[in-house]
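Q: Pasting the sequence and the predicted model now:
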Amino acid sequence: MKDIGNWRHICVDAQRMFIDDTPWRVPWLERVLQQLLEIAQHHAERTVFTRFVPPIRAEDAFGS
């Protein structure tokens, strides 16, 4: 088997809130979703998912 190296697939914020009709929608996510799923399915052990959890109220947010 060919050595595929020491790499990781880091998937940042691939959530429904970014693909559905919400204020957080990003149109490009639909274009890359299939490739994201293929990589994650073929290399699940090398895939790391992160997610953004928005506050319920804007005044509860901190940082920039």
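A: Thanks, I have the structure now.
Q: Can you tell me the closest non-neighbouring residue to the most centrally placed residue in the chain?
A: Averaging the C-alpha coordinates of the chain gives a centre point, and the residue nearest to it by C-alpha atoms, centre = their mean is Ala14 (2.7 Å). By the measure of C-beta to C-beta, 6 or more residues apart in numbering, the closest residue to Ala14 outside its immediate chain neighbours is Leu36, 5.9 Å from it. For every residue, glycine as well, the C-beta is placed using N, CA and C.
Q: so the one you found sits right up against Val12, yeah?
A: No. Using C-beta atoms under 8 Å, Leu36 and Val12 do not qualify as a contacting pair, with a distance of 10.4 Å.
Q: all strands for the chain, in order.
A: Under the criterion DSSP state E, the chain carries strands at the ranges 9-12, 47-50.
Q: closest one to Val32 among these?
A: Evaluated with C-beta to C-beta, those place strand 9-12 nearest to Val32, the distance being 10.1 Å.
Q: Next, the buried residues of the closest one.
A: If you call a residue buried by 16 or more other C-beta atoms under 10 Å, then strand 9-12 has no buried ones at all.
Q: That one pairs with which strands, and in what direction?
A: Partner strands and pairing direction for strand 9-12 (DSSP bridges) are strand 47-50 (parallel).
Q: got the CA coordinates for the strand it pairs with in PDB?
A: This file holds the C-alpha atoms of strand 47-50, laid out as PDB (Å, rounded to 0.1, in the frame of the first residue of the first chain):
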ATOM      1  CA  THR A  47     -10.600  13.900   9.500                       C
ATOM      2  CA  VAL A  48     -11.200  16.400  12.300                       C
ATOM      3  CA  PHE A  49     -14.400  18.400  12.500                       C
ATOM      4  CA  THR A  50     -14.900  21.700  14.300                       C
END
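Q: among the helices and strands of the protein, which one scores worst on average pLDDT?
A: Within the chain, judged by mean pLDDT, DSSP states H and E, the helix or strand with the poorest mean is strand 9-12; its value is a mean of 82.
Q: How far away from the center of its chain is that one?
A: In terms of C-alpha atoms, centre = their mean, to the nearest Å, the gap separating the centre of strand 9-12 from the centre of its chain is 6 Å.
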